[in-house]
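This is a predicted model, with the sequence first.
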Amino acid sequence: MSDTVTRLAETKAAIARAARDFERDPASVTLIAVSKTMPAEAILPALEAGQRVFGENYVQEAKAKWPGLKERFPDAQLHMIGPLQSNKAREAVELFDAIHSLDRESLAKELAREIAGSGRTPRLFVQVNTGDEPQKGGVSPSQIDAFLLRCRDGHGLAIDGLMCIPPAADPPSPHFALLAKIAARHGLKGLSMGMSADYEAAIQLGATHVRVGSAIFGARG
């Protein structure tokens, strides 16, 4: 468990160093510690060390382990970073402080319904499929302008930013640059991009949220 605390401190230091290298305030970059597949006892050391923002991929997994952790650490924030099924929208709105994977009309409709009914307003990031990969979620760059308009005007959703996961075989920087360009065009401040292997490049190109898992918690089984 002490390894987790050490790796967390090293990751935070590397993020701060990268931000300063690119003449950014380190406080402008939020570290999302990706705790998917990790049991509650493996997450606890990071919480005790002061980390407060965590990312999960699945509603049911988060629902099983986070209520107890949040009782002990009520200021912890939980971000949904994996694909979200429309029929899980209610639970997601109840449980998560931010949702990074809004990527289709049906989900926008359900989130709008649940936000209106619950009074909870998780921050919303639209996932952009910057590589147009057929096996991956996200809105095509060619369709993103129209989708954002429908989210805002059609469903009344407040969109905080954009998220992307570059194709594994591609250099990530062009994808981060594309996401930043789209965000700027729409006046969106949030850029959820960069993971363990490429978050420094993401910070260079304006990331406000980096999603780091294995560099903190180690390799997953």
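Thanks, I have the structure now. Residues are numbered from 1 along each chain as shown.

which helices and strands sit right next to the helix or strand containing Leu124?
Using DSSP states H and E, Leu124 falls within strand 123-127. Judged by 3 or more Cβ pairs under 8 Å, 6 or more residues apart in numbering; DSSP states H and E, strand 123-127 is in contact with strand 98-102, helix 144-149, strand 161-163, strand 190-192. Any C-beta I mention is one placed from the backbone N, CA and C, and that applies to glycine too.

10 Å instead, please
On a contact count with 3 or more Cβ pairs under 10 Å, 6 or more residues apart in numbering; DSSP states H and E, strand 123-127 meets strand 77-80, strand 98-102, helix 105-118, helix 144-149, strand 161-163, helix 173-185, strand 190-192.

just for the protein, where's the confidence low?
Scanning the chain for pLDDT under 70 picks out 1, 221.

one more time with 80, if that's ok
The chain contains residues with pLDDT under 80 at 1-2, 220-221.

Give me the longest helix you can find in it.
In the chain, taking DSSP state H as the definition, the longest helix is helix 2-21.

chain center to the helix or strand just after that helix, what's the gap?
Following helix 2-21 in sequence order, the next helix or strand is strand 30-34 (DSSP H and E). Relative to its chain's centre, strand 30-34 lies at 8 Å (Cα atoms, centre = their mean, to the nearest Å).

same question, stretch 17-35
In terms of Cα atoms, centre = their mean, the centre of stretch 17-35 is found 14 Å from the chain centre.

how about the strand holding Leu124 as PDB, C-alpha atoms only?
Extracted in PDB, the C-alpha atoms of strand 123-127 (Å, rounded to 0.1, in the frame of the first residue of the first chain):
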ATOM      1  CA  ARG A 123     -20.300  17.900 -14.700                       C
ATOM      2  CA  LEU A 124     -20.600  16.600 -18.300                       C
ATOM      3  CA  PHE A 125     -17.900  15.900 -20.800                       C
ATOM      4  CA  VAL A 126     -18.700  14.800 -24.300                       C
ATOM      5  CA  GLN A 127     -16.500  12.000 -25.600                       C
END
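
Tell me which strands it pairs with, and in which orientation.
As defined by DSSP bridges, the strand partners of strand 123-127 come to strand 98-102 (parallel), strand 161-163 (parallel).

of those strands, which approaches Asp25 most closely?
Asp25 sits nearest to strand 161-163 of all the strands paired with strand 123-127, at 17.3 Å, using Cβ to Cβ.

Phe125 and Asp3, how far apart?
30 Å (Cβ to Cβ, to the nearest Å).

Check which helices and strands the longest helix of the chain is in contact with.
strand 30-34, helix 40-48, helix 199-204, strand 209-212, helix 214-217.

picking up where we left off before, any chance of CSV for the helices and strands packed on strand 123-127, columns mean neighbour count and distance to Asp132?
Converted to CSV, these look like this (neighbours: other Cβ atoms under 10 Å; distance: least, Cβ to Cβ, whole Å):
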stretch, mean neighbour count, distance to Asp132
strand 77-80, 22, 23
strand 98-102, 25, 17
helix 105-118, 17, 18
helix 144-149, 16, 11
strand 161-163, 25, 15
helix 173-185, 18, 11
strand 190-192, 25, 19
